[in-house]
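[1] Here is my input; please provide its structure:
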Amino acid sequence: MNVHENVHVAKGVGGWFASFWYTLLVMVGSLVSLLLVLVVGGSLTIHWTGMTSRLLMVGAGLAIGILPAFFLNGFLTWLRQTMNKRARFFDTFFTVCLLGNIGLLTTLVLWLPGSTSHALGRYGNWLFDRDVANLFQISEQHPVLRTGRKLVKRMAYLLEVDPSHSHEPIKRSPERRLADAGSSSKAPKTHGLGPKETGTTLRDLPIRRPAIAPPPTRRKKPTLLKPGQQPPTPSSAKGEFSIQVRRHGNSLIVPLGLPRGRRDFLLDTGASFLSLSSRTARRLGVIPPRYAPTLSLHTANGVIKARVGRLPYLTLGPHTLHNVAFVLCDACGEPQQDVVGLLGLNVLRRFLVTIDQANGSIRLRPHDKKRFSNQAADLRPFVKWPKKHLKGFTTNLLVRRVFKLSGVVENHAKLGANALKFRVTYLRNKRKVGHYSFSIDELEARGRLRVSIQDKRAPKFESYRVELVSGQWDKR
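    Numbering: from 1, shown residues only. Have a look, this model is predicted:
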């Protein structure tokens, strides 16, 4: 007689507890990985297709994160069932989903780091923006949404690629990248995105120079003045010249040479730009169009908006200044005195000006060649970087602090600009605590250029400002 004993093996409490926590961790991990794939997949969908439909982004992200795991898990379940083993679909679905999404993210990081970084940096906040906050009726600064935006920024930053040592020239195209000068902070040059460190270059190696004794200096004998003799005056300085002016009350009227003859201007050291009346600008054919940039002017009648134009040239003494910016202001002139506008600082800043009230003249001495040829004052009204496109944030990486700034620089003039140098000034308690410089070799007429810089030696600061320091108009 055969005796069959039924042996029942029951799981202990410890085994059930471990299985529960394992299942819970796998489910949470799969959901987190699915969320990351949703953000990355939606951002890449916008980047590749140019379509900003939120339904399309959600569908693409879910399809990328779930469909491959669904079919792969179905195949594994069928394979296990054919081997005479009990297998259910949902026993391994979350595990396959977790491993599949991790593999997908790893593939994107290794194969497409540049596209993924660009897509996350530009479109990655679509799941944590204002529309989502309004949909769930929560604040845009909710901790969940704010944490999601920070996470996306960190991911975009870590995936950046640094082509700084490619030694390729910057081409004249809308997609070209800036050349990061970094003269003040000694940072490596950057043509685009990327904190990736490179190996040792020739610049990193110490250079030993032979010790050369300086040549002996010869001291000049002091010049002794005779009794009653006056020291030499600065009127003999190189390049200095005088212009006769006429008075009008407490003001001085200075003649300037314009394309169609000489005109009188009121000397105003408080005016930032040269100003012209509408009648004079129309006669010269330089009336600014309606879409021209505007500036706020403080006049006797209050604050007004004035359009900015570009004068082909003007003559001040023996010097001719080309492409001078001016503002259109009818209230700045005096028709009774034949004064057509104000002589502002964008012209006077190139000279050292001395007013001789006794002789009714002003003496002007041009600065050195570098400062005299700097046309940043005339470029500032036309070269702009909209604040809505300018984004800067700081990333703390263990022992170093990195400040990254990205945005769009626009040229609103019909003439290109060259050798533009910008400065990022860091402020704490409204005091300057450091700065960082970068440059753009060329900016086309009526063109836009996307720039991205990173300062690896940024100090602790509360705010920052970006300003144009130097530049020149294109002479072609």
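[2] Which parts of the stretch 201-350 of the chain are helices?
    For the stretch 201-350 of the chain, helices defined by DSSP state H, counting those that start in this stretch occupy the ranges 278-284, 345-348.
[3] looking at those, which is buried most?
    The highest average neighbour count among those, using mean count of other Cβ atoms under 10 Å, belongs to helix 345-348 at a mean of 21. Backbone N, C-alpha and C define where each C-beta goes, glycine included.
[4] Mind listing residues that contact that helix?
    269, 271-274, 314, 316, 321, 324-325, 377-378 (Cβ atoms under 8 Å, 6 or more residues apart in numbering).
[5] between these, which is closest to Asn359?
    Distance to Asn359, by Cβ to Cβ, is smallest for Leu316 among the contacts of helix 345-348, at 18.3 Å.
[6] Grab the nearest non-local neighbour of that closest one.
    Leu256 (6.0 Å; Cβ to Cβ, 6 or more residues apart in numbering).
[7] what does Thr280 give?
    Nearest non-adjacent residue to Thr280, counting by Cβ to Cβ, 6+ apart: Val340, 4.3 Å away.
[8] Over to Leu38?
    Of all residues not flanking Leu38 in the chain, Gly61 sits nearest, at 3.5 Å (Cβ to Cβ, 6+ apart).
[9] what's near enough to touch that neighbour?
    So Gly61 contacts 37-42, 45 (Cβ under 8 Å, 6+ apart).
[10] Please apply the same query to Tyr22.
    Tyr22 touches nothing, counting by Cβ under 8 Å, 6+ apart.
[11] Tell me if it really is in a helix.
    Yes: applying DSSP: H, G, I helix; E, B strand; the rest coil, one finds Tyr22 inside a helix.
[12] about what we covered before: hang on, isn't the residue nearest to Leu316 packed against Ser275?
    No: contact criterion Cβ atoms under 8 Å: Leu256 and Ser275 do not qualify, at 12.0 Å.
[13] quick one, which of these two is more surrounded?
    Neighbour tally, Leu256 and Ser275, criterion other Cβ atoms under 10 Å: the higher count belongs to Ser275, 26 against 21.
[14] what separates that one from Leu284, distance-wise?
    Separation of Ser275 from Leu284 (Cβ to Cβ, to the nearest Å): 13 Å.
[15] which residues does the residue nearest to Cys332 when sequence neighbours are not counted bridge with?
    Using Cβ to Cβ, 6+ apart and skipping residues adjacent in sequence, the residue nearest Cys332 is Ser275, 4.3 Å away. Beta-bridge pairing for Ser275 (DSSP bridges): Val327.
[16] My read is that Ser115 contacts Thr45, right?
    No: contact between Ser115 and Thr45 fails when scored by Cβ under 8 Å: they sit 11.8 Å apart.
[17] between the two, which one's more packed in?
    Neighbour count, other Cβ under 10 Å: between Ser115 and Thr45, Thr45 has more, with 24 against 16.
[18] List the buried residues in the helix or strand harbouring the more buried one.
    Take DSSP states H and E as the rule and Thr45 turns out to sit in helix 13-49. Across helix 13-49, burial judged by 16 or more other Cβ atoms under 10 Å covers 26, 29-30, 33-46.
[19] how big is the angle separating the next helix or strand after it from helix 13-49?
    Later in the chain than helix 13-49, the nearest helix or strand by DSSP H and E is helix 54-82. Counting by axes from the mean of the first three to the mean of the last three Cα atoms, to 10 degrees, helix 54-82 lies at 140 degrees to helix 13-49.
[20] And helix 54-82, what's buried?
    For helix 54-82, a neighbour-count test (16+ other Cβ under 10 Å) marks 57-58, 60-61, 64-66, 68-69, 72-73, 76-77 as buried.
[21] Next: stretch 374-381.
    Neighbour counts over stretch 374-381 (16+ other Cβ under 10 Å) mark 374-381 as buried.
[22] That one spans what distance, first to last residue?
    The first and last residues of stretch 374-381 sit 15 Å apart, counting by Cα to Cα, to the nearest Å.
[23] circling back: can you put the buried residues of stretch 374-381 in TSV and add distance to Lys421 and secondary structure?
    Listed next are these as TSV, based on distance: Cβ to Cβ, whole Å; DSSP: H, G, I helix; E, B strand; the rest coil:
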residue	distance to Lys421	secondary structure
Asn374	9	coil
Gln375	12	coil
Ala376	8	helix
Ala377	13	helix
Asp378	15	helix
Leu379	11	helix
Arg380	12	coil
Pro381	17	coil
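[24] Dump the residues you listed to JSON lines, plus distance to Arg349 and pLDDT.
    Listed next are the buried residues of stretch 374-381 as JSON lines, based on distance: Cβ to Cβ, whole Å; pLDDT from 0 to 100:
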{"residue": "Asn374", "distance to Arg349": "9", "pLDDT": "92"}
{"residue": "Gln375", "distance to Arg349": "10", "pLDDT": "93"}
{"residue": "Ala376", "distance to Arg349": "9", "pLDDT": "93"}
{"residue": "Ala377", "distance to Arg349": "6", "pLDDT": "92"}
{"residue": "Asp378", "distance to Arg349": "10", "pLDDT": "93"}
{"residue": "Leu379", "distance to Arg349": "13", "pLDDT": "94"}
{"residue": "Arg380", "distance to Arg349": "12", "pLDDT": "93"}
{"residue": "Pro381", "distance to Arg349": "15", "pLDDT": "93"}
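[25] between those, which is closest to Ile440?
    Nearest to Ile440 among these: Leu379, at 11.3 Å, using Cβ to Cβ.
[26] For the closest residue to the closest one other than its chain neighbours, the count of nearby residues, please.
    The shortest distance from Leu379 to any non-neighbouring residue, by Cβ to Cβ, 6+ apart, is to Gly471 (4.9 Å). Gly471 sits with 22 neighbouring residues when counted by other Cβ under 10 Å.
[27] Would you check how far apart Gly471 and Leu321 are?
    Computed as Cβ to Cβ, the Gly471 to Leu321 distance reads 15 Å.
[28] any idea how far Tyr313 lies from Trp473?
    According to Cβ to Cβ, Tyr313 and Trp473 sit 11 Å apart.
[29] list the residues that contact both of these two?
    Counting by Cβ under 8 Å, 6+ apart, the residues touching both Tyr313 and Trp473 are 322-323.
[30] Looking at the two, which one has more neighbours?
    More crowded of Tyr313 and Trp473, by other Cβ under 10 Å: Trp473, with 20 against 12.
[31] who's the more buried one bridged to?
    Counting by DSSP bridges, Trp473 is bridged to Ala417.
[32] Which residues are in contact with it?
    Counting by Cβ under 8 Å, 6+ apart, Trp473 touches 322-323, 375, 378-379, 415-418.
[33] repeat for Val254
    243, 245, 264-267, 343, 362.
[34] Buried only: go through these for me.
    Neighbour counting with 16+ other Cβ under 10 Å marks 245, 264-267, 343, 362 as buried within those.
[35] so can I have a markdown table of the residues you listed showing distance to Arg457?
    What follows is these, written out as a markdown table (distance: Cβ to Cβ, whole Å):
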| residue | distance to Arg457 |
| --- | --- |
| Val245 | 49 |
| Asp264 | 51 |
| Phe265 | 45 |
| Leu266 | 46 |
| Leu267 | 43 |
| Leu343 | 42 |
| Ile362 | 44 |
